[in-house]
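Engineer: just coords:
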Ligand SMILES: Cc1cc2nc3c(=O)[nH]c(=O)nc-3n(C[C@H](O)[C@H](O)[C@H](O)COP(=O)(O)OP(=O)(O)OC[C@H]3O[C@@H](n4cnc5c(N)ncnc54)[C@H](O)[C@@H]3O)c2cc1C
């Protein structure tokens, strides 16, 4: 069946231009831009491809220069004070206008909250395919972009193609790829008219953004990440994991079911394709099954330790060390050991 499809598929054009959306928040270019550009170059460099960036925001000489020096050949900007704060209608229209002007074969967007909704809505406006939360991007033998996404509840990793429409739109969580040091290229700049924004009559007014205050260490910055899965079973048990994380000067995270159960505050603590990608020196998962959606977010962790009562749990296949047993019992034992060991002999994670 699949073979037949592959034989019959007709690619519309070879991939010659890759446009990357450069999202700026609070005056700072978000890291996902460089990560996506690095990945795009890794895939398409040497194939005659043009790399381009799209910026939609108020005029900002610093950001414009940063983008020009980032290793792209073309920069498309739409400047307007209406784009000062992220606005789903203004920014979507701005990106649509830029894409129509740039006419890329591939559009890559970081799957931030803004990026997620813009990529989906843009796919509708441009009548093209969108692959959300890609775990990887690779080139197929015939030069097509293969978008890898866990599917069927994470049991398989699906290969998604967008064979008949363009641009192929893919969103990827920040942290999925590593940013490389890229040399600057000769860069041509195009200013796209912001006039279509004035014609809009947006249904919402954005008055500002407030950062949520939290004292917790972000999971993306910690050397040790303790992760709780559904096998942890209760909020009370989850608290033991929080204490262990604190004892190890680490951060606490969770799986999707842990988020749904309310054990972690929000998606910033969720690990996986729809959450965060983490690269700690040590990851310890308690009661985590090892679904692909989650494992994609820990694949670059240094040492993976897993606790699961099921000896055949999939998480053990990607683990360096496994403990077969009850999550609560093991967490309690670890907490007691760390408390007893004190500062002198407690296990240390060397920076
Ligand atoms: C589009 C999409 C995106 C998704 N994105 C993400 C994502 O970003 N992150 C994510 O995590 N998930 C994501 N998911 C969900 C994902 O597919 C899995 O369902 C989820 O990761 C499973 O979480 P879990 O391992 O905590 O729970 P379960 O799959 O329920 O596993 C619980 C595990 O705990 C073990 N267990 C049970 N009791 C105990 C005990 N007493 N002691 C020790 N072990 C015990 C069990 O053996 C089992 O292995 C996504 C799903 C979809 C469809």
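Structural biologist: Nice, I can see it. Predicted model, so just to flag it, every value in this text is computed and none were measured. Numbers count the residues shown, from 1 in each chain.
Engineer: distance of the residue nearest to residue 84 when sequence neighbours are not counted from residue 52?
Structural biologist: For residue 84, ignoring the flanking residues on the chain, the nearest one in space by CB to CB, 6 or more residues apart in numbering is residue 58 at 5.0 Å. Quick note: C-beta positions are derived from backbone N, CA and C, even for glycine. Remark: distance between residue 58 and residue 52 (CB to CB, to the nearest Å) = 20 Å.
Engineer: Compare these two (neighbour count), which wins?
Structural biologist: Just comparing residue 58 and residue 52: by other CB atoms under 10 Å the higher neighbour count belongs to residue 52, 25 against 14.
Engineer: Excluding chain neighbours, what is closest to that one?
Structural biologist: Closest residue in space to residue 52, ignoring its immediate chain neighbours: residue 74 at 3.8 Å, by CB to CB, 6+ apart.
Engineer: Contacts only, for the one you found.
Structural biologist: Counting by CB atoms under 8 Å, 6 or more residues apart in numbering, residue 74 touches 17, 50-53, 102, 187-190.
Engineer: In strands, which of the residues you listed fall?
Structural biologist: 17, 50-53, 188-190 (DSSP state E).
Engineer: give me the beta-bridge partners of the closest residue in space to residue 301 that isn't next to it in sequence?
Structural biologist: Leaving aside its chain neighbours, residue 301 sits nearest to residue 283 (4.1 Å; criterion: CB to CB, 6+ apart). Beta bridges link residue 283 to residue 225, residue 304, judged by DSSP bridges.
Engineer: and the gap between residue 283 and the ligand?
Structural biologist: 13 Å (CB to the nearest ligand atom, to the nearest Å).
Engineer: ok, that residue - how many residues close by?
Structural biologist: If we define neighbours as other CB under 10 Å, then residue 283 has 29 of them.
Engineer: One more: residue 335?
Structural biologist: Neighbour count for residue 335, taken as other CB under 10 Å: 16.
Engineer: What strand or helix carries it?
Structural biologist: helix 327-345 (DSSP states H and E).
Engineer: Next up, the contacts around residue 171.
Structural biologist: 108-111, 115-116, 119, 130-134.
Engineer: Kindly recompute the last result at 6 Å.
Structural biologist: 109, 111, 115, 119, 132 (CB atoms under 6 Å, 6 or more residues apart in numbering).
Engineer: Which one of these is nearest to the ligand?
Structural biologist: Closest to the ligand out of those is residue 132 (7.8 Å), distances taken as CB to the nearest ligand atom.
Engineer: how much space is there between that closest one and residue 123?
Structural biologist: In terms of CB to CB, residue 132 sits 9 Å off from residue 123.
Engineer: do you know how far residue 337 is from residue 249?
Structural biologist: 16 Å.
Engineer: count of neighbours near the residue lying closest to residue 275 once chain neighbours are set aside?
Structural biologist: Leaving out its chain neighbours, the residue that sits closest to residue 275 by CB to CB, 6+ apart is residue 267, at 5.5 Å. Under the neighbour criterion other CB under 10 Å, residue 267 is assigned a count of 13.
Engineer: so what's residue 267 scoring on pLDDT?
Structural biologist: Looking at residue 267, its pLDDT reads 86.
Engineer: Wait, it touches residue 274, no?
Structural biologist: No: Residue 267 lies out of contact with residue 274 (CB atoms under 6 Å); the separation is 7.1 Å.
Engineer: any weak-confidence spans in the chain?
Structural biologist: Applying pLDDT under 70 to the chain flags the ranges 1-13, 342-351.
Engineer: Closest to residue 314 out of the contacts of residue 171?
Structural biologist: Among the contacts of residue 171, residue 132 lies closest to residue 314 (CB to CB), at 23.0 Å.
Engineer: From residue 125, how far out is the closest residue to the closest one other than its chain neighbours?
Structural biologist: On the basis of CB to CB, 6+ apart, the spatially nearest residue to residue 132 that is not a chain neighbour turns out to be residue 171, at 5.1 Å. As judged by CB to CB, residue 171 and residue 125 stand 15 Å apart.
Engineer: Near residue 147, how many other residues are there?
Structural biologist: Per other CB under 10 Å, the neighbour tally for residue 147 reads 26.
Engineer: Confirm for me that it is in contact with residue 129.
Structural biologist: No: judged on CB under 6 Å, residue 147 makes no contact with residue 129 at a distance of 9.0 Å.
Engineer: isn't residue 78 right next to residue 194, touching?
Structural biologist: Yes: look at residue 78 against residue 194 with CB under 6 Å: they come within range, at 5.3 Å.
Engineer: So the residue nearest to residue 84 versus the ligand, what's the distance?
Structural biologist: Counting by CB to the nearest ligand atom - residue 58 and the ligand are separated by 33 Å.
Engineer: all numbers from here: first residue = 55
Structural biologist: Sounds good: first residue 55 from here, last item residue 112.
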